[in-house]
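**Q** Sequence first, predicted coordinates after that:
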Amino acid sequence: MPEGLALPADPRFLWHMSDTITLWRPVGPEELALIRDSGMRAFPPRLPEQPIFYPVTTEDYAVKIARDWNVKASGSGFVTRFEVLRSFLERYDVQEAGGAAHREYWIPAEHLPAFNEAIAGEIEVVREFR
């Protein structure tokens, strides 16, 4: 290691970017409150009528959902960004939800705890709509 460079003390930052995939998740205020309760480390369990957790592959798609759906449903919408271990996501196929611009992973609700464990670092709020 070159002199003067030190490894970060927090091991969450030791993941190499090629080891993770950046995903986004549009959320409403209630889901965001639960994410904050987790220390910005996990998504809350799905409700019984929500059998799939669907993080999306582009910020543009997440913006569309947060702005057009979450705001109408709850008065505000947020776009979160996070890194997930590539090795975890390799077992799931990317799905198209109504067109090539609408790509998402379909994670069964019962796999969400393992998905949360595969998040490298914190979940960040990157956009807000009201």
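**A** Looks like it came in fine.
**Q** okay, the longest strand along the chain in CSV with CA atoms only?
**A** The longest strand of the chain (DSSP state E) is strand 119-129. Listed next in CSV are the C-alpha coordinates belonging to strand 119-129 (Å, rounded to 0.1, in the frame of the first residue of the first chain):
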residue,chain,number,x,y,z
ILE,A,119,-26.5,-4.7,1.6
ALA,A,120,-23.0,-3.2,1.7
GLY,A,121,-23.0,0.0,3.6
GLU,A,122,-26.0,2.3,4.2
ILE,A,123,-29.2,3.0,2.4
GLU,A,124,-29.1,6.6,1.2
VAL,A,125,-32.0,8.9,0.3
VAL,A,126,-31.0,10.6,-2.9
ARG,A,127,-34.2,12.2,-4.1
GLU,A,128,-37.4,13.6,-2.5
PHE,A,129,-40.7,14.6,-4.0
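**Q** That strand - contacts with which helices or strands?
**A** strand 20-27, helix 59-65, strand 77-85 (3 or more Cβ pairs under 8 Å, 6 or more residues apart in numbering; DSSP states H and E). Quick note: C-beta positions are derived from backbone N, CA and C, even for glycine.
**Q** What angle do strand 20-27 and the longest one make with each other?
**A** What that stands for is strand 77-85. Between strand 77-85 and strand 20-27, the angle comes out at 160 degrees (axes from the mean of the first three to the mean of the last three Cα atoms, to 10 degrees).
**Q** So for strand 77-85, mean pLDDT?
**A** The predicted model assigns strand 77-85 a mean pLDDT of 98.
**Q** for the helix or strand following it, the distance to its chain's centre please.
**A** Following strand 77-85 in sequence order, the next helix or strand is helix 86-89 (DSSP states H and E). With Cα atoms, centre = their mean, to the nearest Å as the basis, helix 86-89 stands 13 Å off its chain's centre.
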